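1. Structural data only, the sequence is not supplied:
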């Protein structure tokens, strides 16, 4: 039996390995899925991604499967109930920020632009292909993530600084940051060329 060579950041935790193997770096264009991933990356700020990954199903249940139309209408009472939900990260600023970001998502849609088109414009609608040989070659932010962060903030989105948006871009396949030694690098490169 052979074992695949993976990026070392996912370790051996089965949940993390599955995320690495099936989600991270796969190009995503669904507006709601992109909203979910951006919000969760914002919740990750100051925490490890595995913490968020372990709570992702709870987040989905608590935040109405990340439907921006529902989240945008959250009342102060709903926010208080979320603050009591031990299944999610109970950070008031991040919860209130999610409501603001949902309203910004709706405003963007009402302007006639999809969230996907808005985000993918920062990579000219394609996956940026990197050839990282080690984790030390990875960047925390790029000119593209900085531009995306600025544009999102101007639109009213929250918890979307350049480091968060770069992690988001890696996760949703806007950039291929699998190490060249990782078996997923070529797979995600091929997906990014479609």
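-> Arrived safely. Please read all numbers here as calculations on a predicted model, not as lab measurements.
2. Quick one: the strands in this structure, in order.
-> All strands of the chain, identified by DSSP state E, fall at 128-129, 175-176.
3. buried ones in the longest helix anywhere in the chain?
-> If you go by DSSP state H, the chain has its longest helix at helix 92-110. Of the residues in helix 92-110, 94-99, 101-106, 108 count as buried by neighbour count, 16 or more other Cβ atoms under 10 Å. Where C-beta positions appear, they are placed from N, C-alpha and C, glycine not excepted.
4. Same question for stretch 130-142.
-> Within stretch 130-142, judged by 16+ other Cβ under 10 Å, the buried ones are 130, 132, 141-142.
5. Identify the residues contacting that stretch?
-> Under the contact criterion Cβ atoms under 8 Å, 6 or more residues apart in numbering, stretch 130-142 has outside partners 7-9, 162-163, 165-166, 169, 175-181.
6. Recalculate using a threshold of 7 Å.
-> Residues from elsewhere that reach stretch 130-142 (Cβ atoms under 7 Å, 6 or more residues apart in numbering): 8-9, 162-163, 166, 175-177, 179-180.
7. can you pick the most crowded of those residues?
-> Among the contacts of stretch 130-142, residue 177 has the most neighbours (other Cβ atoms under 10 Å), with 27 neighbours.
8. Which neighbouring elements make contact with the helix or strand of the chain with the lowest mean pLDDT?
-> Ranking every helix and strand in the chain by mean pLDDT, DSSP states H and E puts helix 183-192 at the bottom, with a mean of 93. With contacts taken as 3 or more Cβ pairs under 7 Å, 6 or more residues apart in numbering; DSSP states H and E, helix 183-192 sits against strand 175-176.
9. what are the ranges of the helices in this protein?
-> Applying DSSP H to the chain gives helices spanning 14-22, 31-44, 49-62, 68-71, 76-83, 92-110, 115-120, 143-155, 162-171, 183-192.
10. what about the residue nearest to residue 13 when sequence neighbours are not counted, neighbour count?
-> Closest residue to residue 13 apart from its sequence neighbours, by Cβ to Cβ, 6 or more residues apart in numbering: residue 50 at 6.3 Å. For residue 50, the neighbour count with other Cβ under 10 Å is 16.
11. same thing with residue 112?
-> Neighbours around residue 112, by other Cβ under 10 Å: 7.
12. returning to that earlier point: compare the mean pLDDT across the helices of the chain and name the weakest.
-> Of all the helices of the chain, the minimum mean pLDDT falls on helix 183-192 (a mean of 93).
13. Check the gap between the closest residue to residue 67 other than its chain neighbours and residue 127 for me.
-> Once flanking residues are discounted, residue 67 sits nearest to residue 32: 6.8 Å by Cβ to Cβ, 6+ apart. Residue 32 sits at a distance of 20 Å from residue 127 (criterion: Cβ to Cβ, to the nearest Å).
14. Compare the two (neighbour count), which wins?
-> Between residue 32 and residue 127, residue 127 has the larger neighbour count (other Cβ under 10 Å), namely 23 against 15.
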